[in-house]
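Q: structure for the following, please:
(2 chains)
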Amino acid sequence: MTSARDHRADVAGVGAPGRPRPLQTGAAALGGAGLGWSSAPLAAAATETIAGRTTGATVLSPSAGQSTVPFHGAHQAGVATPPQAHLSLLGLDLLPEVDGPALARLLRVLSDDIARLTAGQRALADTEPELATVPARLTVTVGIGPRVATTLIPTARRLDLTALPHFATDRLLPRWGQSDLVVQICADDAVTVAHARRMLLKDSRAFSRTRWVQDGFRRAHGSVPGTETMRNLMGQVDGTVNPTEADPAFAGLVWAEADDHGAAFAGGTFMAVRRVRMDLDTWDRVDRPGREFAVGRRLADGAPLTGGAEFDEPDFDATDDVGFPVIDPAAHIRRARTDDPRQRFHRRGYNYTQPDPDRPTGEDSGLIFIAFARDLPTQFVPIQERLAQNDRLNQWISTIGSAVYAVLPGVRDDSEDYLGRALIAARD
Amino acid sequence: MRITLSPRARATSALATAALGLAVLTGCGSDDAPAPSTAGSEESSSTDTSSRAPESAALSVTDPYVKAAESGMTAAFGTLVNSSDAPITIVGASSDITTSMELHETVAADGTMKMRQKEGGFTIDPGGEHLLEPGGDHLMIMDLTRAVEPGESVIIKLTLDDGSTMEIDALVKEFDGADEEYMGDMGDSHDMDGEHSGDHGSSS
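A: Purely as a prediction, here's the structure:
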């Protein structure tokens, strides 16, 4: 039996980034964190397999709740960060009177909140500080919409950010439309997300109104290996060819350089949010071969219909016994495929489901499609246009919300910097 | 996190701050963060706004913030930290956002929480800290001369019992708490007699 004290040492040893910090910060900065941490029942009953034998011994594993993702850096967290289990995406509209300086004040408050909460520390004036003690890889990512990018930023630094073109499959509903700001909150713990959301909304209240909240989820933390490609609610392996940070091309595909939009936006990126509703009622009528035909991948393991394993290249030229292509020319993966290496972007989607009494099944389910790209018009739009034009999957999906944002560059680790400071502040 | 020190205190030593953190954690007094000497205390104008006295150099304020308000009264909160081996007492506070600030405590009286000036100020034990929080001790900002808006910085000057001073840079936050005793209505006049105890009896 190992004590909680030993466990603390273990966690510090594995180097969870924010872990040692509270221990050196003192109870004042922590609020209840010190207490919650030391008294947490960390000894989890678990089974350990030794030489194929289940021992049933109690083992200690590092608490997932204490893992942190650094807030400070060249880029905001929550873009390259491997997706956490829970998402709460906030679309905020600024009040009419909010001008550039007021926007800067809002971003300063949000930055302060985010720096503290992502480190597992209470925010200033946090009325529920005990809820802040489980960071669970919390990240908060802030972006500005076209109106802000083109009107509230000093002229010299304005960003060319325009709405996505209309796509043939769009069935857009205003309630999921473009907002002035986006705040993407992600963590492996739903309570952590709820607390961060409440804190951030309270601190946004003097400046904005909430246009929408899009909550999403993936598999719970620890229930599948972190490297496993997610499945969407249609049961498909979704995201096999998604470039992640380990891909050498990732940085060039995602992060803006100083040459793109000026030094004030270097390290930023662009975000497309598409709320894709799935018509699961009609999807239910499609048997497995039909489902695989629509996508071009096997449902069981995500491998291309032309064989191999999930990450093997599909053979779009392969034909069956009677000469038909194995992967249909209108299959999703065929239509999404391009030979243009620039037409790639980073996806970070989440499933959604919510009650909907107006639908036969009583629910509305789908995918909160979130894409990050250095340049949406050249990287994302061509692919989406191809898919909207022809994709067998379109029979069962429709896009009911769409918005684009410029995700602000990261924040330096000093008390003076805050999100968007270089871009928005009239003078420093 | 945001730890705002006077430039003077900032210069003293990071080591003292680290040692202090450990001291706080273990509940022991800090023994290796002596107050720096006052040598070289000539006025150096621009950046150094604190006095050269040792007490202010050993004092820091972590996580300071001010409750946003359009007018009238509001308050500042944070944690006062004494890194020296002698007690430090705050005896006064001021800011350019107000004509008057007071050091307040909150006490239960007649079944309600009331606040009143704290006799003798806030004393921070050697190596200890003193929490200023809603519902507890706080820096009362009596009469705002302008609105303080969320996200801006407010400079508050603390005066210590040895006459030295230090400035803290507090973030303004919208906050619904710290409301019961003196903020019945943000738009109200400054007549707080009904809520704000003028009784300066013995401190609890």
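
Q: what parts of the stretch 51-200 of chain A come near chain B?
A: By the rule CB under 8 Å from any CB of the partner chain, the part of the stretch 51-200 of chain A lying against chain B is A:102, A:104-109, A:112, A:115-116, A:119, A:121, A:124-125, A:127. Yep, even glycine has a C-beta here, placed from its N, CA and C like the rest.

Q: any buried residues in stretch B:92-101, and which?
A: Using 16 or more other CB atoms under 10 Å in any protein chain shown as the test for burial, stretch B:92-101 gives B:93-95, B:97-98, B:101.

Q: run through the strands of the stretch 1-150 of chain A in chain order.
A: With strands called from DSSP state E, counting those that start in this stretch, the stretch 1-150 of chain A shows them at A:49-50, A:53-54, A:86-94, A:139-144.

Q: out of those strands, which is closest to B:Met142?
A: strand A:86-94 (32.7 Å; CB to CB).

Q: neighbouring strands for the helix or strand encompassing B:Phe77, and are they parallel or not?
A: Element membership of B:Phe77, judged by DSSP states H and E, is strand B:74-82. Strands adjacent to strand B:74-82 in the sheet, as given by DSSP bridges, are strand B:59-67 (antiparallel), strand B:129-132 (antiparallel), strand B:138-141 (antiparallel).

Q: which helices and strands does the very next helix or strand once past it pack with?
A: Per DSSP H and E, the first helix or strand lying C-terminal to strand B:74-82 is strand B:88-95. Here strand B:88-95 touches strand B:74-82, strand B:101-109, strand B:122-124, strand B:153-160, going by 3 or more CB pairs under 8 Å, 6 or more residues apart in numbering or on different chains; DSSP states H and E.

Q: which strands and helices lie in contact with the shortest one?
A: When contacts are defined as 3+ CB pairs under 8 Å, 6+ apart, strand B:122-124 packs onto strand B:74-82, strand B:88-95, strand B:129-132.

Q: average model confidence for that strand?
A: What strand B:122-124 shows for mean pLDDT is 96.

Q: could you do the last one as well?
A: When the per-residue pLDDT values of strand B:153-160 are averaged, the result is 96.

Q: now A:Val148: how far from A:Val183?
A: 13 Å (CB to CB, to the nearest Å).

Q: so A:Gly216 sits in a helix?
A: No. Applying DSSP: H, G, I helix; E, B strand; the rest coil, one finds A:Gly216 to be strand, outside a helix.

Q: any regions of chain B where pLDDT drops low?
A: Within chain B, the stretches with pLDDT under 70 are B:1-54, B:179-204.

Q: OK, now which residue of chain B is nearest to chain A?
A: B:Gly151 (2.6 Å; CB to the nearest CB).

Q: and the residue in the stretch 151-300 of chain A positioned nearest to chain B, helix, strand or coil?
A: Taking CB to the nearest CB, chain B has its nearest neighbour within the stretch 151-300 of chain A at A:Ala206, 4.8 Å off. Assigned state for A:Ala206: coil (three-state reduction, three-state DSSP).

Q: if I pick it, what's in contact with it?
A: Neighbour list for A:Ala206: A:106, B:68, B:149-150, B:174 [criterion: CB atoms under 8 Å, 6 or more residues apart in numbering or on different chains].

Q: ok, 7 Å please
A: By CB atoms under 7 Å, 6 or more residues apart in numbering or on different chains, A:Ala206 lies in contact with B:68, B:150, B:174.

Q: B:Val172 is in contact with the residue of chain B closest to chain A, correct?
A: Yes. Counting by CB atoms under 7 Å, B:Val172 is a contact partner of B:Gly151 at 6.4 Å.

Q: what's the helix or strand for A:Arg198?
A: helix A:190-204.

Q: that helix packs against which elements?
A: Contacts defined by 3 or more CB pairs under 7 Å, 6 or more residues apart in numbering or on different chains; DSSP states H and E place helix A:190-204 against strand A:86-94, helix A:100-118, strand A:181-187.

Q: could those go into a markdown table alongside mean neighbour count and mean pLDDT?
A: Formatted as a markdown table, the helices and strands packed on helix A:190-204 follow (neighbours: other CB atoms under 10 Å in any protein chain shown; pLDDT from 0 to 100):
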| stretch | mean neighbour count | mean pLDDT |
| --- | --- | --- |
| strand A:86-94 | 23 | 98 |
| helix A:100-118 | 23 | 97 |
| strand A:181-187 | 27 | 98 |
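
Q: between these, which one is closest to B:Thr123.
A: Nearest of these (CB to CB): helix A:100-118, 28.0 Å.

Q: between strand A:86-94 and the closest one, find me the angle.
A: Here helix A:100-118 points in a direction 160 degrees away from that of strand A:86-94 (axes from the mean of the first three to the mean of the last three CA atoms, to 10 degrees).

Q: name the nearest residue to the residue of chain A found nearest chain B, ignoring sequence neighbours.
A: Proximity of chain A to chain B (CB to the nearest CB) peaks at A:Arg105, 2.6 Å away. In space, and not counting its chain neighbours, A:Arg105 is closest to B:Gly151: 2.6 Å by CB to CB, 6 or more residues apart in numbering or on different chains.

Q: how much space between that neighbour and A:Trp283?
A: In terms of CB to CB, B:Gly151 sits 47 Å off from A:Trp283.

Q: more crowded one of the two?
A: B:Gly151 (25 against 19; other CB atoms under 10 Å in any protein chain shown).

Q: just to revisit the earlier point, need the winner for burial among the helices and strands packed on strand B:88-95.
A: Among those, strand B:74-82 has the highest mean neighbour count (mean count of other CB atoms under 10 Å in any protein chain shown), at a mean of 26.

Q: who's in contact with that one?
A: A:28, B:20, B:58-67, B:88, B:90, B:122, B:124-134, B:138-141, B:144, B:148, B:156, B:170, B:178.

Q: of the residues you listed, select the buried ones using a ChimeraX command.
A: To isolate the buried members of these in ChimeraX, using 16+ other CB under 10 Å:
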select /A:28 /B:20,58,59,60,61,62,63,64,65,66,67,88,90,122,124,126,127,128,129,130,132,133,134,138,139,140,141,144,148,156,170,178
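
Q: distance to A:Thr81 added to the helices and strands packed on strand B:88-95, as a markdown table?
A: Output for the helices and strands packed on strand B:88-95, formatted as a markdown table (distance: least, CB to CB, whole Å):
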| stretch | distance to A:Thr81 |
| --- | --- |
| strand B:74-82 | 31 |
| strand B:101-109 | 42 |
| strand B:122-124 | 40 |
| strand B:153-160 | 30 |
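
Q: for chain A, which spans come out with low pLDDT?
A: In chain A, residues with pLDDT under 70: A:1-62, A:426-428.
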